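*Asks:* everything below, folded, please.
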Amino acid sequence: MIVKRLLPVVILAIGIAGFVALRLTRPEPPPATAQERSWRIEVQRVRLGERTPILPLFGELVAPQRVTLTASLPARIAERPVREGQRVTEGELLVALDEADIAPLLAQAAAEVADLEAQLANEQLRLASDRAALAREQEIRDNAGRQLERARSLVERNLGSRADLDAAQDALSRARLTLTTRENAIAEHPARRASLEARLARAEANLAATQRDAERARVIAPFAGIVSEVRVAPGDQVAAGAGLLSVYPESGLELWARLPRQHEAELIEALARGETLLAEAENGARFTLAGFAGEGDASGSEAILALREAVPGLRPGSLLAVTLARPAHPRALALPFSALHGNNRLYRVEEGRLVRLEVERLGETLGAEGERLALVTGEALADGQRIMITHLPNAMQGLRVDVAESAEEPEA
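*Replies:* Numbers count the residues shown, from 1 in each chain. Sure, this is the predicted structure:
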């Protein structure tokens, strides 16, 4: 009975003894050694040189030399042989006013001139007549004076009546009044003549203006260009000065684009040095930076780019994206944007580890195949350095890396 009770205990003791024996006789495992992880990357060799940074701009095409042609006289539209968007040559007829409306205006202006010329001639005849009448009226006055003296003498001798003396006195007064009136008429001749001459000059000026406006009744293209903003059709009645249509030279287009404030001083200095800064659109149109708008705001100002090489389809009011070439930098490096960590940090590879470099971001440039590349410079850069162009979110100073065998990219 005792044996049955002790048997489980004996078996358990044997099992424990066997586990202990195995534990004591097991082989020792090799000690674990920590292995540092490396990151496979691609690199690019540094070759510093002169590079041209670019600046993407977006603006609106305008036509600063656009001319709006107006009606010179009130009339109906007789002809309008052009249409919106049509190309015209210099001297080509654009709009013609109705001659039936122009002729009466010319006749009226000419009649006013003729009337004043006749009045001026009549004034000369009046002067000659007044001068001739003046001599006769002087004789009448003198004769009236003698009649008065005789009448007074007769009255003093009681041979004449007082009524005859008064009549003689009245006759002399009337003669003097008539003479004074005639003398005043002659004295006023220069003023009357000057007034008529001034009115004649005004009428002649009006006639010349009407003749000029009549010549402009046939509106012709002042230069080769494109018709826009057509506002009239044959049969329309227009007032003097009413807009008819506009014409702009295709080669005179400009692109007004918003320029960030941080680039304004650089470009102004480049223009002051006489540099030619070119911009190109994707459609092939090329522009030259001509200057800046007269006003700006806190965000920047408008850059004015004059069209240098036109392409079909350019129209005022169109929006266009261009790439402006900024002044070249003599010591710059172009590399993929993936090489940048932050805005101004690169990593070079030295003995399999990363070394941080602080650089200055110049902007961007175009590679050999038209791809956009980051453009940087800095005192820490030197020819021949290997710069990591693989973007590692965990990149840090001293991180171990493994350069891919075919990853020695040349600089673009």
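*Asks:* hey, let's count contacts and neighbours off CA atoms from now on
*Replies:* Will do.
*Asks:* and the chain, split by domain according to the record?
*Replies:* As assigned by automatic domain parsing, the chain contains the domains 40-53+329-409, 55-63+250-325, 67-98+217-248, 101-214.
*Asks:* can you lay out those domains as JSON lines showing distance to residue 16 and mean pLDDT?
*Replies:* Below are those laid out as JSON lines (distance: least, C-alpha to C-alpha, whole Å; pLDDT from 0 to 100):
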{"stretch": "domain 40-53+329-409", "distance to residue 16": "50", "mean pLDDT": "88"}
{"stretch": "domain 55-63+250-325", "distance to residue 16": "81", "mean pLDDT": "88"}
{"stretch": "domain 67-98+217-248", "distance to residue 16": "105", "mean pLDDT": "93"}
{"stretch": "domain 101-214", "distance to residue 16": "128", "mean pLDDT": "81"}
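*Asks:* switch these over to CSV; also include distance to residue 11.
*Replies:* As requested, the domains of the chain are arranged in CSV below (distance: least, C-alpha to C-alpha, whole Å):
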stretch, distance to residue 11
domain 40-53+329-409, 57
domain 55-63+250-325, 88
domain 67-98+217-248, 110
domain 101-214, 133
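*Asks:* as a markdown table, those with mean neighbour count would be great.
*Replies:* Shown next, in a markdown table, are these (neighbours: other C-alpha atoms under 10 Å):
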| stretch | mean neighbour count |
| --- | --- |
| domain 40-53+329-409 | 17 |
| domain 55-63+250-325 | 17 |
| domain 67-98+217-248 | 18 |
| domain 101-214 | 16 |
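*Asks:* show me the helices in the protein, by range?
*Replies:* Counting by DSSP state H, one finds helices in the chain at the ranges 2-25, 99-156, 162-187, 189-215, 264-272.
*Asks:* for residue 8, give its distance to residue 15.
*Replies:* Using C-alpha to C-alpha, to the nearest Å, residue 8 is found at 11 Å from residue 15.
*Asks:* phi and psi next, for the residue minimising distance to the centre of the chain.
*Replies:* In the chain, the C-alpha nearest the mean C-alpha coordinate belongs to residue 64, at 5.4 Å (C-alpha atoms, centre = their mean). Backbone geometry at residue 64, expressed as degrees, to the nearest 10, gives phi -70, psi -20.
*Asks:* so it is in contact with residue 251, correct?
*Replies:* No: using C-alpha atoms under 8 Å, residue 64 is not in contact with residue 251, being 10.9 Å away.
*Asks:* which residues do the two both contact?
*Replies:* Residues touching both residue 64 and residue 251 (C-alpha atoms under 8 Å, 6 or more residues apart in numbering): none.
*Asks:* spatially nearest residue to residue 210, not counting backbone neighbours?
*Replies:* residue 106 (6.2 Å; C-alpha to C-alpha, 6 or more residues apart in numbering).
*Asks:* for residue 80, same thing?
*Replies:* Closest residue to residue 80 apart from its sequence neighbours, by C-alpha to C-alpha, 6+ apart: residue 95 at 4.5 Å.
*Asks:* could you do residue 268 as well?
*Replies:* residue 291 (7.8 Å).
*Asks:* pull the contacting residues for that neighbour.
*Replies:* Applying C-alpha under 8 Å, 6+ apart, we find residue 291 in contact with 268, 271, 303-305.
*Asks:* now, which of those residues sits nearest residue 196?
*Replies:* residue 304 (54.9 Å; C-alpha to C-alpha).
*Asks:* what's near enough to touch that closest one?
*Replies:* 254-257, 289-293.
*Asks:* what's next to stretch 272-283, contact-wise?
*Replies:* 271, 286-289, 305, 311, 320-327.
*Asks:* and of the residues you listed, the nearest to residue 221?
*Replies:* Of all the contacts of stretch 272-283, residue 311 has the smallest distance to residue 221: 22.2 Å, by C-alpha to C-alpha.
*Asks:* doesn't residue 253 make contact with that closest one?
*Replies:* No: assessed by C-alpha under 8 Å, residue 311 is found out of contact with residue 253, at 11.4 Å.
*Asks:* roughly how far does residue 60 sit from residue 113?
*Replies:* Residue 60 is 52 Å from residue 113, by C-alpha to C-alpha.
*Asks:* I meant to write residue 347 there.
*Replies:* In terms of C-alpha to C-alpha, residue 347 sits 91 Å off from residue 113.
*Asks:* same deal with residue 305?
*Replies:* Taking C-alpha to C-alpha, one finds residue 305 at 52 Å from residue 113.
*Asks:* isn't residue 358 right up against residue 341?
*Replies:* No: if you go by C-alpha under 8 Å, residue 358 and residue 341 don't touch, sitting 10.1 Å apart.
*Asks:* tally of neighbours for residue 11?
*Replies:* Other residues near residue 11 number 11, with proximity taken as other C-alpha atoms under 10 Å.
*Asks:* now do the contacts for it.
*Replies:* Residue 11 touches nothing, counting by C-alpha under 8 Å, 6+ apart.
*Asks:* how about residue 288?
*Replies:* Counting by C-alpha under 8 Å, 6+ apart, residue 288 touches 276-279, 305-308.
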